[in-house]
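**Q** Model the following, please.
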Amino acid sequence: MSAATHPQPVDYYPYELTVLIPVMNEEESLRPMLDRVCDALKGLGKPWELILVDDGSTDRTLLYAREYLGREGLDLKIIEFQRNFGKAAAYQAGFDAAQGRLIVTLDGDLQNDPHDIPAMIAELEARDLDLLAGWRKARQDALVLRKIPSWCANRLIGWVTGVNIHDNGCGLKLYRSSIIKQVQIIGGMHRFIPAWVASVIPSTRIGETVVTHHPRQFGESKYGISRTFRVFLDLLSVLFFMRFKARPGHFFGMIGLVLGFLSGVIFLYLAYVKFILGEDIGTRPLLLAGVVLFLSSMQMITTGIVAELITRSYMGSENAPLYIVRATHRKEG
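**A** The predicted structure follows:
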C-alpha cells in the first residue's frame with residue numbers, strides 16, 4: 001500500500017506519449033476501448049505507454065484489464081485504487097506515474113475516439129501549445145440533462161477563469177507532461193483542469209480542437225443533473241484558489257473592510273442623530289444593523305488572519321495523500 005506523491009517535472013522521458021484512462025465499472029467497454037487505442041497508435045512510430053487507473057471498480061473491469069498485460073507491443077500499467085477516490089484522484093495518480101513527454105487523457109466509456117490522438121499531437125506541436133482540449137462539437141448526449149447544463153457551465157467557467165474554451169468537460173485532452181505535472185488536481189477539480197493549467201502558464205498556450213464524440217454504448221453515465229450544482233460550487237473554489245490561494249487574507253480582509261466601512265458610516269450617522277439632533281437611537285433597527293456589520297467585519301478580518309496562518313503552515317508541510325494505491329500491475333519481465 002502506497003500513498004500519493006507529487007513528482008516534479010523531469011527533462012528526460014522514456015516515452016513520447018502516455019495514454020491515461022481512468023475507469024470504474026467499465027467491464028463492457030474496456031476491451032473494445034483498449035483495442036481501439038492500440039489500433040489508433042500503431043503508426044505513432046515512437047514508444048508510448050498506457051496507464052489505466054482503476055478507481056475502485058466492483059465488476060470485472062480490473063480482471064479484463066489484466067488480460068492485456070501480456071499483449072505484444074503494449075506497455076500497460078494498471079494502477080488499482082484501494083477504493084473509489086474519484087476521477088480527480090485517478091487523474092492525479094496517472095499524471096504522477098506518467099513517463100511520457102506528452103500525456104493524453106480520455107474516458108473509458110468509448111465516447112472519445114482514440115483515432116483523434118495523432119492529429120491532436122500534430123496540432124499541439126504546430127500551434128506550440130501546452131494543452132489542447134477536445135471540443136465535442138457534435139456531442140452525442142441528452143439535450144436537457146447534459147448539453148444545456150454543460151453549455152451554461154462552460155460559459156460561466158470562461159467568464160470566471162478567463163479560459164474561454166467550449167468544452168471543459170471533454171475527457172480527451174493532450175498535455176505537455178512538464179506542464180501538467182506542475183498542477184495538482186484535487187477534489188472534483190478535474191472539470192476545471194484548463195483553468196488550473198492557466199495558473200502556471202499563459203492562457204494563450206491553451207487551445208481546443210474539434211474531436212469525435214460517440215453515443216454511449218454500454219452502461220449508464222455516472223453523472224446526472226445533480227453534477228451541475230456541484231460544478232457551480234466547485235467553480236467558486238476555483239475562483240478563490242486561482243486568485244487568493246497564496247493570500248487568502250486579502251479575500252476575507254477585503255470583505256471585512258467593506259463591512260467595517262458600512263458599519264462606520266451607520267455609527268457616524270447615528271452619532272449625529274444622537275448628539276446633534278438629540279433624538280433617541282436605542283430602538284432603531286439601524287443600530288442593530290450597524291452592530292451586526294461591525295461584528296461581521298471583525299469576523300472576516302480575523303478569519304483572513306487565520307487563513308493566512310493556515311496557508312503558510314500548509315505550504316511549508318507535505319500535502320496529505322490524495323489517493324491510496326492497493327497495487328500496481330505491469331507486464332512481468
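**Q** Near residue 76, how many other residues are there?
**A** 21 (other Cβ atoms under 10 Å). Any C-beta I mention is one placed from the backbone N, CA and C, and that applies to glycine too.
**Q** Distance of it relative to residue 55?
**A** 17 Å (Cβ to Cβ, to the nearest Å).
**Q** My guess is residue 127 contacts residue 207. True?
**A** Yes. Residue 127 lies in contact with residue 207 (Cβ atoms under 8 Å); the separation is 5.7 Å.
**Q** higher neighbour count, those two?
**A** Set side by side, residue 127 and residue 207 show more neighbours around residue 207, with 19 against 11, by other Cβ under 10 Å.
**Q** Return the distance of the longest helix belonging to the chain from the chain's centre.
**A** If you go by DSSP state H, the chain has its longest helix at helix 285-315. Relative to the centre of its chain, helix 285-315 is centred 29 Å away, using Cα atoms, centre = their mean, to the nearest Å.
**Q** Each with direction, which strands does the following helix or strand past it pair with?
**A** Per DSSP states H and E, helix 285-315 leads on to strand 324-330 as the next helix or strand towards the C-terminus. In the sheet, strand 324-330 lines up against strand 2-3 (antiparallel), strand 76-81 (antiparallel) (DSSP bridges).
**Q** Excluding sequence neighbours, find me the nearest residue to residue 243.
**A** Spatially, and ignoring its direct neighbours in sequence, residue 243 is nearest to residue 251 (7.6 Å; Cβ to Cβ, 6 or more residues apart in numbering).
**Q** could you list every residue that touches that neighbour?
**A** Residues near residue 251 by Cβ atoms under 8 Å, 6 or more residues apart in numbering: 240, 243-244, 304, 307.
**Q** nearest to residue 122, of these?
**A** Of all the contacts of residue 251, residue 243 has the smallest distance to residue 122: 35.1 Å, by Cβ to Cβ.
**Q** how about the residue sitting nearest the centre point of the chain, secondary structure?
**A** By Cα atoms, centre = their mean, the chain has its centre lying nearest to residue 190, at 2.3 Å. Of the three states, residue 190 takes helix under DSSP: H, G, I helix; E, B strand; the rest coil.
**Q** so for the lengthiest strand in the chain, what's the average pLDDT?
**A** The longest strand of the chain (DSSP state E) is strand 15-23. For strand 15-23, mean pLDDT rounds to 97.
**Q** name the helices or strands packed onto that strand?
**A** helix 27-40, strand 48-54, helix 87-97, strand 100-105, helix 117-127 (3 or more Cβ pairs under 8 Å, 6 or more residues apart in numbering; DSSP states H and E).
**Q** Make CSV from these and add distance to residue 170 to it.
**A** Below are the helices and strands packed on strand 15-23 laid out as CSV (distance: least, Cβ to Cβ, whole Å):
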stretch, distance to residue 170
helix 27-40, 16
strand 48-54, 18
helix 87-97, 13
strand 100-105, 10
helix 117-127, 11
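**Q** what would these look like in JSON lines with mean pLDDT and distance to residue 154?
**A** Listed next are the helices and strands packed on strand 15-23 as JSON lines, based on pLDDT from 0 to 100; distance: least, Cβ to Cβ, whole Å:
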{"stretch": "helix 27-40", "mean pLDDT": "94", "distance to residue 154": "25"}
{"stretch": "strand 48-54", "mean pLDDT": "97", "distance to residue 154": "25"}
{"stretch": "helix 87-97", "mean pLDDT": "93", "distance to residue 154": "18"}
{"stretch": "strand 100-105", "mean pLDDT": "97", "distance to residue 154": "18"}
{"stretch": "helix 117-127", "mean pLDDT": "97", "distance to residue 154": "19"}
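**Q** Of all those, which one is nearest residue 13?
**A** strand 100-105 (4.1 Å).
**Q** pLDDT weak spots in this structure?
**A** Residue ranges of the chain with pLDDT under 70: 1-11, 140-152, 161, 187-188, 218-233, 242, 245-246, 311-312, 314-322, 333.
**Q** repeat that for 50
**A** Scanning the chain with the threshold set as pLDDT under 50 gives 1-5.
**Q** List the buried residues in the longest helix of the chain.
**A** 287, 290, 293-294, 296-297, 300-301, 303-304, 307-308, 311 (16 or more other Cβ atoms under 10 Å).
**Q** of all the residues you listed, which comes closest to residue 181?
**A** Once Cβ to Cβ is applied, the member of the buried residues of helix 285-315 that ends up nearest residue 181 is residue 311, at 22.5 Å.
**Q** Need the contact partners of stretch 72-81.
**A** 15, 34, 38, 42, 47-56, 62, 65-66, 68-69, 89-90, 93-94, 97, 323-331.
**Q** Now restrict those residues to buried residues only.
**A** 15, 34, 38, 48-56, 62, 65, 68, 89-90, 93-94, 97, 323, 325, 329.
**Q** now the farthest one out in the chain, which residue is it?
**A** Among residues of the chain, the one most distant from the C-alpha centroid is residue 278; the distance is 59.7 Å, by Cα atoms, centre = their mean.
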